[in-house]
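Asker: How does the following fold in three dimensions:
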Amino acid sequence: MKLKIKLPLLFLLMLLILMFSIGIYLKFIFAVYSPIRTTLLDSRYIALLLPIFAIAGCIFFILIIYIYRSIEKPIRRLNTRLGEVNVVHPLPPLASRSNDEIGELYKHFNKMEHRLQLAHREQTDMIAAIAHDLKTPLTSINGFTELLATHKDLPDTEKQEYYELIQKKSAYMVELLNDFSRFTKETLELESMVTTRVKATELFADIAFEYEYELAGLDIELTCRHSFTDSIGLTVNEPMIRRVFGNLFSNAVRYGGKPDLKVYMTGYLREHHAYFQIEDNGIGVPDKDLSSLFLKFFTVDKSRQIQKGGLGLGLASCKSIIEHHGGEIMAFPSEYGGLGIRFSLPLASLH
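Answerer: Got it, this is the predicted structure:
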């Protein structure tokens with residue numbers, strides 16, 4: 001039975017029971033205080049009950065109108081909208097002025113529809129990005145192989161150059177596919193992430209020790225400082241957090257764009273979170289692109305991406321990992337002239 005039928009019938013039944021009880025009550029009153037004994041169909045009783053029935057009828061009508069406008073109509077509208085969900089051509093969000101459960105339902109529906117639209121957009125962008133990034137090296141490989149096939153009298157040195165270019169383009173394609181495969185695998189791993197408690201000081205020291213020597217081998221100076229104490233603990237999946245640091249240092253080295261590149265790592269405490277910052281003195285990123293750095297497949301400069309490699313998933317991976325830990329990550333212009341990335345991790349519970 002539909003809600004718009006069941007609820008009015010329920011209220012009608014309640015009102016009939018109420019009226020019958022009033023009638024019995026009046027009969028009892030008249031039986032006690034009047035010598036005249038008669039039935040409820042007596043005109044005197046009916047006249048006494050008519051105003052009560054009129055009031056009850058008005059109440060019933062008001063209830064019907066209220067249920068229709070506040071419950072049945074919004075639910076019917078939501079049900080209609082569910083059949084019209086379109087992620088390609090989105091409709092305006094559902095509006096509701098009520099703050100009850102129906103209003104909350106509308107808000108949750110709007111959020112769900114927005115997430116579906118974002119998922120569709122990301123899927124489309126993913127396919128377009130992969131197709132674009134694979135098309136460029138494939139076109140080059142096709143051109144080189146066609147040239148080798150049609151010009152068999154080329155000098156051996158020139159043939160060798162073309163073979164090496166084909167190998168380089170093939171390696172670039174393999175790297176792109178590996179990046180995408182790694183990102184997909186990482187997304188699945190986050191759903192079953194296991195965390196342990198680590199000291200912020202130990203984590204910072206381990207990361208600093210690891211990358212200080214690695215960057216020194218590339219003639220890049222790493223400066224580290226923090227204000228953590230041994231009592232500060234973090235509940236994290238350490239391999240994934242190390243992956244975040246690895247991506248950030250790799251980006252700084254790959255896209256720093258300076259021969260005398262310097263990298264700075266800072267750690268500090270603020271309220272209930274531990275903050276980590278990775279900065280460099282490189283060429284930086286335009287302010288208009290800072291908010292887009294963590295989008296999947298986003299790259300500031302396509303030509304630089306082709307030269308340096310990568311699919312534009314490194315920072316998107318960092319964002320996903322940090323948010324699964326309950327933290328936040330953001331980009332900002334560094335005081336050293338390059339790019340700065342700051343992320344937070346919630347402190348571990350004392351118990």
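Asker: Please compute how far the helix or strand where Phe109 lies lies from its chain's middle.
Answerer: Following DSSP states H and E, one finds Phe109 within helix 101-150. Averaging C-alpha positions (C-alpha atoms, centre = their mean, to the nearest Å) puts helix 101-150 17 Å from its chain's average.
Asker: Give me the mean pLDDT for that helix.
Answerer: Averaging pLDDT along helix 101-150 gives 82.
Asker: in the stretch 201-350 of the chain, which spans are strands?
Answerer: All strands of the stretch 201-350 of the chain, identified by DSSP state E, counting those that start in this stretch, fall at 221-226, 233-236, 262-270, 273-280, 329-333, 339-346.
Asker: out of the ones you listed, which comes closest to Ala128?
Answerer: Ranking the strands of the stretch 201-350 of the chain by proximity to Ala128 (C-beta to C-beta) places strand 329-333 first, at 23.4 Å. No exception for glycine: its C-beta is placed from N, CA and C like everyone else's.
Asker: mind giving me the domain split of this protein?
Answerer: As given by automatic domain parsing, the domain ranges for the chain are 3-82, 124-191, 196-346.
Asker: Find the residue at the geometric middle of the chain.
Answerer: The centre of the chain sits closest to Arg115, judged by C-alpha atoms, centre = their mean, with a distance of 7.5 Å.
Asker: what bits of the chain have low per-residue confidence?
Answerer: Within the chain, the segments meeting pLDDT under 70 span 1-4, 6-7, 10, 21, 25-52, 55, 300-312, 350-351.
Asker: now the helices for it?
Answerer: Here the chain has its helices, by DSSP state H, at 3-33, 43-67, 73-82, 101-150, 156-191, 200-216, 238-255, 302-308, 314-324.
Asker: which helices and strands does the last one pack with?
Answerer: Translated: helix 314-324. Using 3 or more C-beta pairs under 8 Å, 6 or more residues apart in numbering; DSSP states H and E, the elements in contact with helix 314-324 are helix 156-191, helix 238-255, strand 329-333, strand 339-346.
Asker: Throw these into CSV and include mean neighbour count and distance to Phe228, thanks.
Answerer: Below are the helices and strands packed on helix 314-324 laid out as CSV (neighbours: other C-beta atoms under 10 Å; distance: least, C-beta to C-beta, whole Å):
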stretch, mean neighbour count, distance to Phe228
helix 156-191, 14, 25
helix 238-255, 19, 14
strand 329-333, 16, 19
strand 339-346, 20, 11
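Asker: Including distance to Ala119, could the ones you listed go into TSV?
Answerer: Shown next, in TSV, are the helices and strands packed on helix 314-324 (distance: least, C-beta to C-beta, whole Å):
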stretch	distance to Ala119
helix 156-191	12
helix 238-255	23
strand 329-333	21
strand 339-346	24
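Asker: Of these, which is nearest Tyr268?
Answerer: Nearest to Tyr268 among the helices and strands packed on helix 314-324 is strand 339-346 (10.1 Å), distances taken as C-beta to C-beta.
Asker: Arg243: what's it in contact with?
Answerer: Contact analysis of Arg243 by C-beta atoms under 8 Å, 6 or more residues apart in numbering lists Glu186, Ser317, Ile321.
Asker: neighbours around the second one, how many?
Answerer: Using other C-beta atoms under 10 Å, the number of residues around Ser317 comes to 21.
Asker: who's in contact with it?
Answerer: By C-beta under 8 Å, 6+ apart, the neighbours of Ser317 are Phe183, Glu186, Arg243, Val244, Asn247.
Asker: ditto for the first one
Answerer: Taking C-beta under 8 Å, 6+ apart as the definition of contact, the neighbours of Glu186 are Met240, Arg243, Ser317, Ser320, Ile321.
Asker: Please identify which two of the residues you listed are farthest apart in space.
Answerer: Greatest spatial distance in these: Arg243 and Ser320, 10.6 Å, computed using C-beta to C-beta.
Asker: Excluding covalently adjacent residues, which one is nearest to Asp100?
Answerer: Closest residue to Asp100 apart from its sequence neighbours, by C-beta to C-beta, 6 or more residues apart in numbering: Ser70 at 7.7 Å.
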